[in-house]
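Q: what follows is a predicted structure for the sequence shown.
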Amino acid sequence: MNKGKSLRGISLTKDHVAMLEFPVKARFSSLMTSEEIIWGELGEKGFANLVSAFYQRVKKDDLIGPMYPDDDWDGSEERLRDFLCFRFGAVMRYQEKRGHPRLRMRHMPYRIGIKERDRWMELMGGALDETVTHEEVREALRSFFTGVADFMRNRPEAER
Ligand code: HEM
């Protein structure tokens, strides 16, 4: 018998659960999980719109824009979109293409301090406001991104 967790009917191994990395701390008045509610509201299309609105902002940003490879914006968009569809919808595309997310490790080459974290969140916050109309879902995602963005910090502020 499978005693592992299950997400939208897909049973998850211990490894998959570890890949979910960051908890969504949201209180919805429903018996469904936060992931199911968020995925039910956004789905692939909603996450694609969110990520596209986010990268439109990143491209123009003077602080974090230059960190991204200038010749692969479509690739950057695809990686974040696939990651979010994996995290919230258990769509396995990200994992098939990129393996374990290891997000903190993958961000090590980039200097991420408080300023970069806050800018990333400002741009994602704008994208959330523009594309997610369901208030509780929007705020649950804001709090999820805030937690992950803080987790990505890899430079003590004294180094600045
Ligand atoms: C805190 C500020 C952050 C900065 C400055 C930052 C910057 C970057 C950069 C420069 C890349 C490499 C370009 C690329 O592969 O597209 C990247 C990749 C990525 N970031 Fe971030 N990021 C931040 C936070 C986050 C957060 C909060 C998430 C998720 C919730 C995230 C998810 C990803 C993913 C999924 C990738 C692609 C990883 C891969 O498969 O290679 N990032 N990020």
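A: Alright, I've got the coordinates.
Q: which strands and helices sit next to the host helix or strand of Cys85?
A: Under the criterion of DSSP states H and E, Cys85 resides in helix 73-89. Helix 73-89 sits against helix 34-60, helix 93-98, with contacts defined as 3 or more CB pairs under 8 Å, 6 or more residues apart in numbering; DSSP states H and E. All C-beta atoms are positioned from the backbone trio N, CA, C, and that covers glycine.
Q: give the buried residues for it.
A: In terms of neighbour count (16 or more other CB atoms under 10 Å), helix 73-89 has its buried residues at 76-89.
Q: now do the same end-to-end measure for stretch 92-104.
A: The first and last residues of stretch 92-104 sit 20 Å apart, counting by CA to CA, to the nearest Å.
Q: what does the protein have sitting close to the ligand?
A: 64, 67-68, 76, 79-80, 83, 98, 103, 106-107, 110, 112, 116-117, 120, 145, 148-149, 152 (CB under 6 Å from any ligand atom).
Q: got the angle for the helix or strand hosting Met124 vs helix 73-89?
A: For Met124, the element it lies in under DSSP H and E is helix 114-131. Orientation note: helix 114-131 sits at an angle of 80 degrees relative to helix 73-89 (axes from the mean of the first three to the mean of the last three CA atoms, to 10 degrees).
Q: how far out from the middle of the chain is helix 114-131?
A: Put simply, helix 114-131 sits 12 Å off its chain's centre (CA atoms, centre = their mean, to the nearest Å).
Q: how about that helix: buried residues?
A: Within helix 114-131, the residues that qualify as buried are Glu116, Arg117, Arg119, Trp120, Met121, Leu123, Met124, Gly125, Ala127, Leu128, Thr131, counting by 16+ other CB under 10 Å.
Q: residues in contact with the residue nearest the centre of the chain?
A: Centroid check for the chain by CA atoms, centre = their mean gives Leu84 as the closest residue, at 5.0 Å. Applying CB atoms under 8 Å, 6 or more residues apart in numbering to Leu84 gives the contacts Phe47, Leu50, Val51.
Q: just send those back as a markdown table, with neighbour count and pLDDT too.
A: Below are these laid out as a markdown table (neighbours: other CB atoms under 10 Å; pLDDT from 0 to 100):
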| residue | neighbour count | pLDDT |
| --- | --- | --- |
| Phe47 | 25 | 98 |
| Leu50 | 22 | 98 |
| Val51 | 24 | 98 |
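Q: return the member of those residues nearest to the ligand.
A: The shortest approach to the ligand among the contacts of Leu84 belongs to Val51, at 9.7 Å (CB to the nearest ligand atom).
Q: quick one: contacts for the closest one?
A: Counting by CB under 8 Å, 6+ apart, Val51 touches Glu77, Leu80, Arg81, Leu84, Ala127.
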